[in-house]
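Novice: coords please:
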Amino acid sequence: MSTSWQSEIEPDPIHISGLGWALISLRCLVLGVLVFGGLLILLTLRLFERPMCGLHRPITPYVTQFVCRNAFRVMGIGFRTTGDLMQERGAVVANHSSWLDIFALNARKRIYFVSKAEVAKWPGIGWLAKATGTVFIERNPKKAREQTLLFEQRLKADHKLVFFPEGTSTDGLRVLPFKTTLFAAFFSEHLRDFMSVQPVSVVYHPPKGEPNRYYGWWGDMDFAPHLLKILATVHQGSVELIYHPPVSVSDFENRKVLAAYCEDQVRRGHDKG
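Specialist: Modelled structure (predicted):
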């Protein structure tokens, strides 16, 4: 049984014009240089950063941020944000609509994603995720204690961890109920008293004349055709990040109450965006 969200309406057909193919060629070339050049620089810096700083990454997250911010410029997608970034130690939780979310959230803030373990095995994407410090977790209750310790290590190293509590991506037109399981780790004895959580709404605005779910990537949709569609778009839309005020975990009774609060904040921002 698939755990991915599925739309009752088939994805919109993809048509690429001659100009679109020219844009794909040009943008692929520039993005390739940007992404893989950035990756080469990042890996080189990690050779020195890791032995000197351990879990701390004082330099390489800036490389990731530079690459992701400029990726939107290359693709021609507008990018804007509102709200202040959380200064406290803790995690960011956001709705999930597309693989573009990773670029958008990285472009605004130096962060580390928390992802399902399967992603580590995806060709290309898994490799990039590992290089940028993604935390991979298994949906196995027997691993809960081990994963809580890992979160604790990363948070105490001042890593801002990013979760997608919906557990899957959608068409970008909705926010699914948040799964509360991951929030349980925030209430561990060693995290609850110092940890904060910042909800973020990710809102996509489609190109003029295109359906509202244009940037959504969900269910069984293949990555390559969606990527080509985005790269072939002549007049792009935009992505908007709305950062809500962070809250202290200790102000909430339990994971369910905290998850419900974050979901409400994200949904309100999404609906207004």
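
Novice: can you pull the contacts of the nearest residue to L39 once chain neighbours are set aside?
Specialist: In space, and not counting its chain neighbours, L39 is closest to A131: 5.9 Å by C-beta to C-beta, 6 or more residues apart in numbering. Yep, even glycine has a C-beta here, placed from its N, CA and C like the rest. Counting by C-beta atoms under 8 Å, 6 or more residues apart in numbering, A131 makes contact with L39, L42, L43, R46.

Novice: what's the distance between A131 and L31?
Specialist: For A131, the distance to L31 equals 16 Å [C-beta to C-beta, to the nearest Å].

Novice: same check on G172?
Specialist: Distance from G172 to L31, by C-beta to C-beta: 22 Å.

Novice: do I111 as well
Specialist: Taking C-beta to C-beta, one finds I111 at 21 Å from L31.

Novice: more neighbours: the two, which one.
Specialist: I111 (22 against 17; other C-beta atoms under 10 Å).

Novice: now for that one: which residues touch it?
Specialist: Applying C-beta under 8 Å, 6+ apart, the residues contacting I111 are P61, V92, L105, H159, K160, L161, V162.

Novice: make CSV out of those and add neighbour count.
Specialist: Output for the contacts of I111, formatted as CSV (neighbours: other C-beta atoms under 10 Å):
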residue, neighbour count
P61, 19
V92, 26
L105, 23
H159, 22
K160, 21
L161, 25
V162, 24
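
Novice: of those residues, which belong to helices?
Specialist: P61, L105 (DSSP state H).

Novice: could you export the contacts of I111 as a markdown table, including distance to F136?
Specialist: Below are the contacts of I111 laid out as a markdown table (distance: C-beta to C-beta, whole Å):
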| residue | distance to F136 |
| --- | --- |
| P61 | 18 |
| V92 | 17 |
| L105 | 17 |
| H159 | 14 |
| K160 | 17 |
| L161 | 12 |
| V162 | 13 |
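
Novice: tell me the one of the contacts of I111 nearest G126?
Specialist: V162 (16.9 Å; C-beta to C-beta).

Novice: before we move on, what SS does V35 have?
Specialist: helix (DSSP: H, G, I helix; E, B strand; the rest coil).

Novice: which element is the closest residue to it other than its chain neighbours on?
Specialist: Excluding the flanking residues, the one nearest V35 by C-beta to C-beta, 6+ apart is V67, at 6.0 Å. If you go by DSSP states H and E, V67 is part of helix 60-75.

Novice: and F79, what does it touch?
Specialist: Taking C-beta under 8 Å, 6+ apart as the test, what F79 contacts is R69, F72, A104, A107, S238, V239.

Novice: are any of those buried, and which?
Specialist: When the contacts of F79 are checked for burial by 16 or more other C-beta atoms under 10 Å, the buried set is F72, A104, A107, S238, V239.

Novice: so what's the residue nearest to R267 when sequence neighbours are not counted up against?
Specialist: Spatial nearest neighbour of R267, chain neighbours left out: V175 (4.4 Å); criterion: C-beta to C-beta, 6+ apart. Shown here is V175, whose contacts under the criterion C-beta under 8 Å, 6+ apart are N95, E166, E263, V266, R267, H270.

Novice: I am finished for the moment; much appreciated.
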